[in-house]
Structures are given as C-alpha cells and as structure tokens.
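Colleague: Predicted model and sequence below, questions to follow.
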Amino acid sequence: MPDQLTVSDTLADDDRATAGAARDLRVILAGPRGFCAGVDRAIRVVEEAIRAYGAPVYVRHEIVHNRTVVEELEAKGAIFVEELDEVPADGHVVFSAHGVPKTVPAEAARRNLLYLDATCPLVSKVHREAERHYADGGPESRHILMIGHAGHPEVIGTMGQLPPGAVTLINDAEEARTVQPADPARLAFITQTTLSVDDTAEIVDILRSRFPLIEGPKREDICYATTNRQEAVKAIAPDCDLVIVIGSPNSSNSQRLREVAERSGTKRALLVPKLAALDWSVLEGVRTLGITAGASAPEALVQEMVTALAKSYTLKIEERTVKEENVTFRLPAPLG
Ligand code: 2E6
Ligand code: F3S
C-alpha cells in the first residue's frame, strides 16, 4: 500500500458527490496490524480440514478470538464447541490456536476422534520450554513461574502440559513481589505470548532480582506479532486524538494493544470489534484518528471502517509501518 492515500482512493463516485464540505479527518494506520502467521495458519487448518473431510468439522474453542472469523468459518461448515464431549463419536475436531492441556488430545485419542492441532507453533515452543524446565520431575526439575492471565485458554493449555502443582501463575507485579516458592534456587519462568511487553519486563525484573538463579528466556516468550503490533501502536499514538483497536473483547493481544495505545500518548483508545459496533459520537472533536487491529482481526474489518469513514469525512490516510513481517507457518502434518 502507498504511504499516502487520499479520500479519492477509498470513496465511490456517488459518495464523493454528496461528501461536499465534509470535515477533514487524518487517519494513521499502524503497521504491522491484524493477522499474524499463527492466526493465518489456524484458520487455514479449519478450512483445509473442511475441504479434506467434509462439513461439519468441530473446533474446540474459538479458533482465534474473533467473532467475524468464527462466523465466516461457521458459514463454511465449522461447528464451534467448548469441550470435547460436545463432539460426536465420528467427528473431526480441530484444537484452537491458543493450545490445549495434555488431557485434551489424550481424551480425543481415547475416544478415537480424528483431531488436528492448530496451536500456534510459538505457543507450542513455550509448551516445550515448560517441559524442559520440569525435566520429568527428576533431580534437574525446576518449579515454573508462568507470567500470564488467569483463565485465558493459552495459560490453561500451557499449565496443562505439566502435572498440577508444577507451575505457579504470576498475574501481575504484585504477585511477582510476593510469591514464595519452596526452593528459590530451582526456579524457571515462562510467559503467555500476548502480554504487554512493558508490563512483562517489569515483572521479569522483579523475579530476576528476587531469584537471581531463575532460568528463563532472554527476555520473555511474547511473540514477534504481539511485540511488533505494540511497537506500531506506540509509534502512532502520540499523534492521535483517538486510537481505535479493531478486535474482540476476549482477545488478549487486542486488549493489550488498547492499553499500550492509551499509555503511549493518545487522548483515548477504544477496542471496537467491527464497524457495526462503532459509536460515531467518539469521533466528535477528533482531528487525527489512529487505527490498528489485533492479531486475530481480519484486515477486511479495517478496510470496512475506513470506507465508512470516507463517506462522512474528507480523509487523509497515512500508513505508518515500523517493521515488515514475513513469517509463515506450515500446516500440521496431515494437511501440509
Ligand atoms: C493464539 C495465541 C496467541 O486472546 P489472544 O490474544 O491470546 O488470542 P487471539 O485469538 O485474539 O490472537 C491470536 C493468538 C492465538 N494469540
Ligand atoms: Fe502465534 Fe503470536 Fe499469533 S503466539 S497466534 S503468532 S499472536
């Protein structure tokens, strides 16, 4: 996309004719934004499974945390369930991008279900890290502190790679300050992939200073897509009166983008799932609007919003890209 687009790039002729003296609105689009490689792969897993096995294909949990994605896949023949017991005996089932506890594939195998795992490879990497630190519970075993948000499916999936009690969840800096592990000399930490980079750095600093022998990644396990989207929104926020993050409320990385925007100098930051949910009154007094999208939000939702804005405003659109991404992941073995 060119760096500078004008209203004429996005406005149909009849709309332009009625636009008249529409108010000017500068729009800065953050880049990168929207789909990451793990989301793209997970959606392709469901599509390819439907093609290979025929509809319906069951998906355990939202494949990614976005209603639009889920509804589009439902229209193609996916049925979303929360637990395996909702999948019939002869069903095919896909596990979501967020990962699952070990009990889930074990139960699927016990029931002879044909299952495909759409867990993002960068989440699987954290699963393997956790297993390495645990070391089968033997003499080399370390107790693991997982930095993440209670109840999130990725956290449930990662903690569920190991037996109960092997991992303690650290939700925030306060918990990092107060956690009392049995053996401070045999500790490791891992993190959720979609956390705030800045909040996590603070928590890791606390853990490292309290427990100098703690093992862990160089910084954290936050993925490239989360890191880049937060950097991109930081680069636009100071110039914006309002930043809209397109993403669903249950999307952790989208929620973090909204918080990062708010802390980075914009007057206001809002999470908006899609155009239909936009309260237009939030645009009153806004001269520069920033737009980004969570890793699970389709680019079509961004374009739909820009097109709608162009009907009410004379837009001056700028793409501000802080990093190019070229990550892709292969499909899991049975489909790849
Ligand atoms: C899997 C792992 C990380 O809520 P969260 O941000 O984790 O998930 P989505 O589905 O919104 O984003 C993609 C994703 C999938 N991120
Ligand atoms: Fe994977 Fe990160 Fe996306 S963990 S699903 S690449 S947000």
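Modeller: Now that the structure is in, tell me what you want to look at. Given the structure is predicted, the values throughout are model-derived calculations rather than measurements. Ligands and ions are numbered 1, 2, ... in the order given.

Colleague: quick one: stretch 260-275 to chain centroid distance?
Modeller: In terms of CA atoms, centre = their mean, to the nearest Å, the centre of stretch 260-275 is found 16 Å from the chain centre.

Colleague: cool, and stretch 281-289?
Modeller: How far stretch 281-289 lies from its chain's middle: 27 Å, per CA atoms, centre = their mean.

Colleague: Check stretch 227-240 too.
Modeller: Distance of stretch 227-240 from its chain centroid, counting by CA atoms, centre = their mean, is 16 Å.

Colleague: do stretch 208-224 as well
Modeller: 21 Å.

Colleague: That stretch near ligand 1 at all?
Modeller: No: applying CB under 6 Å from any ligand atom, one finds stretch 208-224 separated from ligand 1 by no less than 6.8 Å. Any C-beta I mention is one placed from the backbone N, CA and C, and that applies to glycine too.

Colleague: what's in contact with that stretch?
Modeller: 36, 38, 120, 122, 125-126, 129, 133, 142, 145, 147, 176-177, 181, 184-195, 197, 200-201, 204, 207, 325, 327 (CB atoms under 8 Å, 6 or more residues apart in numbering).

Colleague: Now intersect those residues with the helices, please.
Modeller: Among the contacts of stretch 208-224, the ones falling in helices (DSSP state H) are 38, 122, 125-126, 129, 133, 176-177, 197, 200-201, 204, 207.

Colleague: Provide a ChimeraX selection command restricted to the buried entries of these.
Modeller: In ChimeraX, this line selects whichever of the ones in helices among the contacts of stretch 208-224 come out buried by 16 or more other CB atoms under 10 Å:
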select :38,122,126,129,133,176,197,200,204,207
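
Colleague: Output the set of residues of the stretch 51-200 of the chain in proximity to ligand 1.
Modeller: Contact residues (CB under 6 Å from any ligand atom) of the stretch 51-200 of the chain with ligand 1: 64, 65, 97, 98, 120, 123, 154, 193, 194.

Colleague: any idea which helix or strand comes after the helix or strand hosting residue 69?
Modeller: Assigned by DSSP states H and E, residue 69 belongs to helix 67-76. Next helix or strand after helix 67-76 toward the C-terminus (DSSP H and E): strand 78-81.

Colleague: is ligand 2 contacted by whichever helix or strand comes after that next one?
Modeller: Following strand 78-81 in sequence order, the next helix or strand is strand 92-95 (DSSP H and E). No: counting by CB under 6 Å from any ligand atom, ligand 2 is not contacted by strand 92-95; separation bottoms out at 12.9 Å.

Colleague: Quick one: distance of whatever helix or strand residue 258 lives in to the chain centre.
Modeller: Element membership of residue 258, judged by DSSP H and E, is helix 252-263. Taking CA atoms, centre = their mean, one finds helix 252-263 lying 11 Å from the centre of the chain it belongs to.

Colleague: swap in stretch 164-174?
Modeller: Here the centre of stretch 164-174 is set off from its chain's centre by 21 Å, with CA atoms, centre = their mean.

Colleague: Compute the first-to-last residue distance for it.
Modeller: Criterion CA to CA, to the nearest Å; first-to-last residue distance in stretch 164-174 is 23 Å.

Colleague: Could you do stretch 189-204 as well?
Modeller: From its first residue to its last, stretch 189-204 covers 8 Å (CA to CA).

Colleague: and of the ones in helices among the contacts of stretch 208-224, the nearest to residue 233?
Modeller: Comparing those against residue 233 with CB to CB places residue 197 closest, at 11.3 Å.

Colleague: still on that earlier bit, quick check: the farthest pair among the ones in helices among the contacts of stretch 208-224?
Modeller: 38 and 177, at 32.1 Å, using CB to CB across these.

Colleague: OK, contacts around the nearest residue to residue 55 once chain neighbours are set aside?
Modeller: Distances taken as CB to CB, 6 or more residues apart in numbering place residue 77 nearest to residue 55, at 2.6 Å, with adjacent residues excluded. Neighbouring residues of residue 77 by CB under 8 Å, 6+ apart: 50, 54, 55, 56, 57.

Colleague: Distance of residue 77 relative to residue 113?
Modeller: Counting by CB to CB, to the nearest Å, the separation of residue 77 from residue 113 is 17 Å.

Colleague: Show me where this protein has its strands.
Modeller: Using DSSP state E, the strands of the chain run over 4-6, 23-31, 57-60, 78-81, 92-95, 114-117, 143-147, 167-170, 187-191, 242-246, 268-272, 288-293, 313-321.

Colleague: just the ones you listed: most buried one?
Modeller: Comparing the strands of the chain on average neighbours per residue, with mean count of other CB atoms under 10 Å, the densest one is strand 242-246 at a mean of 27.

Colleague: per-residue confidence at the residue in the stretch 101-250 of the chain that ligand 1 sits nearest to?
Modeller: Residue nearest to ligand 1 within the stretch 101-250 of the chain: residue 194 (4.0 Å; CB to the nearest ligand atom). The predicted structure scores residue 194 at 98 on the pLDDT scale.

Colleague: how many other residues sit next to residue 40?
Modeller: By the criterion of other CB atoms under 10 Å, residue 40 has 17 neighbours.

Colleague: Now do stretch 329-336: everything it contacts.
Modeller: The list of residues contacting stretch 329-336 from outside it, by CB under 8 Å, 6+ apart, reads 37-38, 40-41, 44-45, 48-49, 52, 116-118, 120-121.
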